[in-house]
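Q: what's the 3D shape of this:
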Amino acid sequence: MSLAIAFPQIDPVLIQIGPFAIRWYALAYIAGLLGGMYYMQVLSRQLPVMVKEIEIYDFLLWGTLGVIIGGRLGFVIFYRPLFFLENPLSIFQVWQGGMSFHGGLIGVVVAAILFAYKRKIQFWAFADLICCAAPIGLFLGRLANFINGELFGRTADVPWGMVFPRGGPLPRHPSQLYEAFLEGFVLFFVLLWMRRKLSVRNRPGMLSGVFLVGYAIARSTGEIFREPDPIFGLMLGGTTWGQWLSLPMALFGLYLIQRSRNRASVS
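A: Below you'll find the model as predicted:
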């Protein structure tokens, strides 16, 4: 067995006062939403201005509900449908964990469509801002996964392998940190670099497409090192359920990129 790095024992509960507890996971969601909102406001000042700052502020509640409701329902439908069918009240026990990024994405998309329609703003310009900010939440969420010692990687013979409290005696890949780097750090700066180009900002939908393709690649790469979901295990050709869920994202992202190339912005 190779030497393993000791897993840092960080209490998942940041602060607890009686029955009231603030967890790192909840803090990651809050910080991601607030940080994302502020970042969207900064980006919205770039020309051409298609979305007003006040509209981004007003979307905070919509986006929060979309993330929470969509993320939870996505976990219920995509990962544990039989369990929740037998235990329907458990659906509302969000504090016990269980959120899906793919479900959260669908929830935010639905919220953004309704909000854009209500405010009569250009949807794809608004979606581009959301996608540029999304890696902030992804980065913080993966760090929270690491602190919780969940969604750990496969067994690994590497110098930086870690023995996770719930992962058995063998060292494993800290795949949460891999995903934080790829889905959060790398994707954030790719979108930031592209957003600086006026030609990209003038084609609403382009950055949304890049985000979808980029996330699908990052997630699929991270899944190579991540322990497969215990319900689905390894699937056709050694693939995972997370990779299959990312496939339609990549295809739709490629469609958006091609579509945005052929359409000029409407200011």
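Q: hey, let's count contacts and neighbours off CA atoms from now on
A: OK.
Q: mind checking how far stretch 75-91 is from the chain centre?
A: Mean C-alpha position of stretch 75-91 versus that of the full chain (C-alpha atoms, centre = their mean, to the nearest Å) differs by 21 Å.
Q: So which bits of it are buried?
A: 75-76, 79, 91 (16 or more other C-alpha atoms under 10 Å).
Q: what packs against the helix or strand where Asp58 lies?
A: Per DSSP states H and E: Asp58 is located in helix 53-78. Judged by 3 or more C-alpha pairs under 8 Å, 6 or more residues apart in numbering; DSSP states H and E, helix 53-78 is in contact with helix 24-44, helix 101-119.
Q: can I get the ones you listed in a markdown table with mean neighbour count and distance to Phe84?
A: Output for the helices and strands packed on helix 53-78, formatted as a markdown table (neighbours: other C-alpha atoms under 10 Å; distance: least, C-alpha to C-alpha, whole Å):
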| stretch | mean neighbour count | distance to Phe84 |
| --- | --- | --- |
| helix 24-44 | 19 | 22 |
| helix 101-119 | 18 | 16 |
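Q: Quick one: the ones you listed as a markdown table, columns for distance to Asp58 and mean pLDDT too.
A: What follows is the helices and strands packed on helix 53-78, written out as a markdown table (distance: least, C-alpha to C-alpha, whole Å; pLDDT from 0 to 100):
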| stretch | distance to Asp58 | mean pLDDT |
| --- | --- | --- |
| helix 24-44 | 10 | 90 |
| helix 101-119 | 9 | 91 |
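Q: can you put those helices in CSV and add distance to Met162?
A: What follows is the helices and strands packed on helix 53-78, written out as CSV (distance: least, C-alpha to C-alpha, whole Å):
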stretch, distance to Met162
helix 24-44, 20
helix 101-119, 25
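Q: quick one: which of these is nearest Ala250?
A: helix 101-119 (12.2 Å; C-alpha to C-alpha).
Q: Now the element after that closest one, going C-ward?
A: Trace forward from helix 101-119 with DSSP H and E and the next one is helix 123-148.
Q: what is the orientation angle of that following helix with helix 53-78?
A: 60 degrees (axes from the mean of the first three to the mean of the last three C-alpha atoms, to 10 degrees).
Q: elements contacting helix 123-148?
A: Applying 3+ C-alpha pairs under 8 Å, 6+ apart, one finds that helix 123-148 contacts helix 24-44, helix 101-119, helix 175-179, helix 187-195, helix 206-225.
Q: Let me know how buried Leu61 is, in neighbour terms.
A: Each residue near Leu61 was counted by other C-alpha atoms under 10 Å, and the total is 12.
Q: ok, back up a step: what is the rounded mean pLDDT of the helix holding Asp58?
A: Across helix 53-78, pLDDT averages out at 90.
Q: list the buried ones in that helix?
A: Buried, per 16+ other C-alpha under 10 Å, within helix 53-78: 53, 56, 62-64, 66-76.
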